[in-house]
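Asks: build me a model:
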Amino acid sequence: MSHIAVERNRRRQMNDHLKVLRSLTPCFYIKRGDQASIIGGVIEFIKELQQVLQSLEANKRRKSLSPSPSPRPLQLINTLPPPPDSPFSFESTTANKELGVCCNSSAADVEAKISGPNVLLKVIARKIPGQILKIISVLEKLSFQIIHLNISSMEDMVLYSFIVKIGLECRLSLEELAMEVQRSYSLDPLCNAEV
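Replies: You can find the predicted model right below:
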């Protein structure tokens with residue numbers, strides 16, 4: 001009788017732990033509700049988080065090793081609108097003393113606004129596993145430092161909200177930033193199939 005109670009308690013604890021793991025993992029990592037799928041999805045999510053952490057740590061190490069030049073004010077470069085045959089559409093905004101731009105395509109909607117020394121970047125798109133790493137890589141290559149990242153998802157859509165600090169060596173316009181984030185989606189074979 002004692003063995004049955006112990007086994008029942010073990011199964012209850014296992015189910016409780018699986019429920020917690022499932023609640024902490026974005027739904028697009030877990031394909032089905034069985035134990036193997038939940039654990040597999042959690043493993044994939046943890047691997048992606050580890051890659052993000054390694055990328056951020058490498059960026060932090062690079063910043064701590066490079067000498068810090070004196071700060072300079074942000075210089076926005078005026079750019080011409082995209083050519084008429086471009087798959088992207090731009091919309092400039094100047095609300096609440098914030099300079100901003102929206103760059104929309106069938107793959108993603110990207111909005112970038114300057115707020116003080118930072119850029120507020122929002123990306124709304126279909127969920128694609130690994131896409132956040134591509135966006136982070138683009139931001140790092142462009143000399144932006146990620147201060148804050150929030151990920152919100154609903155059904156098959158995701159909203160990535162970044163607050164990024166503009167690096168001293170950054171010479172991009174908001175339009176160019178939005179275009180580079182858009183291009184990160186075109187590197188995805190699944191995205192190309194739908195565009």
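Asks: switch to C-alpha atoms for all contacts and neighbour counts from now on
Replies: OK.
Asks: tell me which residue is most central in this protein.
Replies: Ile132 (3.6 Å; CA atoms, centre = their mean).
Asks: what helix or strand is it on?
Replies: Ile132 belongs to helix 131-141 when assigned by DSSP states H and E.
Asks: grab the CA positions of that helix and hand them over as CSV.
Replies: Output of helix 131-141 as CSV, limited to C-alpha atoms (Å, rounded to 0.1, in the frame of the first residue of the first chain):
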residue,chain,number,x,y,z
GLN,A,131,14.4,34.7,-35.2
ILE,A,132,15.1,36.6,-32.0
LEU,A,133,18.7,35.5,-32.3
LYS,A,134,18.9,36.9,-35.8
ILE,A,135,17.5,40.3,-34.7
ILE,A,136,19.9,40.4,-31.8
SER,A,137,22.8,39.6,-34.1
VAL,A,138,21.7,42.4,-36.5
LEU,A,139,21.5,44.9,-33.6
GLU,A,140,25.0,44.0,-32.3
LYS,A,141,26.5,44.2,-35.8
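Asks: quick check, pLDDT for the nearest residue to Ile124 once chain neighbours are set aside.
Replies: Computed as CA to CA, 6 or more residues apart in numbering, the closest residue to Ile124 that is not its neighbour in sequence is Leu159, at 4.6 Å. Residue-level confidence at Leu159 comes out at 89, pLDDT.
Asks: check contacts around Leu159.
Replies: By CA atoms under 8 Å, 6 or more residues apart in numbering, the contact list for Leu159 reads Lys122, Val123, Ile124, Ala125, Asn150, Ile151, Ser152, Ser153.
Asks: quick one: it and Ala178, what's the gap?
Replies: Distance of Leu159 to Ala178, computed by CA to CA, to the nearest Å: 15 Å.
Asks: on that earlier part again, contacts for the helix holding Ile132?
Replies: Taking CA under 8 Å, 6+ apart as the criterion, the residues outside helix 131-141 that touch it are Glu48, Gln51, Val52, Asn59, Gln145, Ile146, Tyr160, Glu180, Val181, Ser184, Tyr185.
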